[in-house]
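Student: Using only what follows, build the 3D model:
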Amino acid sequence: MSAVPVTLYTIGYEGTTVPAFLSTLTDAGIELLVDVRAVASSRRPGFAKTALTANVATIGVGYIHLRGLGTPADGRAAARRGRHEEMHRIFAEHMQTLAAQEDLEELLELLGSGKRVCILCFEAEPRECHRTLVAEAVRARMAVSVVDLRPQLTAAD
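Tutor: So this is what the prediction gives:
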């Protein structure tokens, strides 16, 4: 086992700009951004899969999409209604699926590679986002510390 502790970073892009988001990743030394959205599209310019991949590449960060760790549609609907407990329950059930377990294994391997890995979803507040549940699933399988990155928010949102 490595003497260096493993840290899993998390980040949400709600209410931020692409420059502030990239600056936060750079400041944390992130090497790989792991998108854990079920659907890697966004109404926010620069955060859909293709644009996000290109944007993070400009700062030397890799990108991978693990859609199996995304929240199912009914869970996303519950979150939009502010029903976070319901979203958590739906996501916990989803984590028992083969797709979720396979992508969790891939995330564990990426963390074991020694790269500084950050998981991404939309919500600014980690407690309202399923990425916290993904981090808990990782923590149940591997000794990690979790750091929630918080990019600067824009006044307009």
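
Student: Please count neighbours and contacts with C-alpha atoms only from this point.
Tutor: OK.

Student: Can you mark which positions in the longest helix belonging to the chain are buried?
Tutor: Longest helix of the chain, by residue count under DSSP state H: helix 98-112. Of all the residues in helix 98-112, those buried under the rule 16 or more other Cα atoms under 10 Å are 99, 100, 101, 103, 104, 107, 108, 111.

Student: could I get these as a markdown table with pLDDT?
Tutor: Supplementary listing: the buried residues of helix 98-112 in a markdown table, determined by pLDDT from 0 to 100:
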| residue | pLDDT |
| --- | --- |
| 99 | 97 |
| 100 | 98 |
| 101 | 98 |
| 103 | 98 |
| 104 | 98 |
| 107 | 98 |
| 108 | 97 |
| 111 | 97 |
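
Student: ok, these vs residue 53, which is closest?
Tutor: Set against residue 53, the nearest of the buried residues of helix 98-112 by Cα to Cα is residue 107 (17.7 Å).

Student: Tell me how far the closest one lies from residue 139.
Tutor: 12 Å (Cα to Cα, to the nearest Å).

Student: repeat for residue 105
Tutor: 12 Å.

Student: Residue 27 now?
Tutor: Relative to residue 139, residue 27 is positioned 24 Å away (criterion: Cα to Cα).

Student: And for residue 23?
Tutor: 27 Å.

Student: and the residue lying closest to residue 31 once chain neighbours are set aside, what is it in contact with?
Tutor: Nearest non-adjacent residue to residue 31, counting by Cα to Cα, 6 or more residues apart in numbering: residue 61, 4.7 Å away. By Cα atoms under 8 Å, 6 or more residues apart in numbering, the residues touching residue 61 are 30, 31, 32, 33.

Student: How far does stretch 62-75 sit from its chain's centre?
Tutor: 9 Å (Cα atoms, centre = their mean, to the nearest Å).

Student: May I see the buried residues of it?
Tutor: So for stretch 62-75, counting by 16+ other Cα under 10 Å, buried means 62, 63, 65, 66, 67, 68, 69, 70, 71, 72, 75.

Student: now what about that stretch, what contacts it?
Tutor: Contacts to stretch 62-75, defined as Cα under 8 Å, 6+ apart, come from residues 31-40, 53, 56-57, 86-88, 90-91, 94-95, 99-104, 130, 134.
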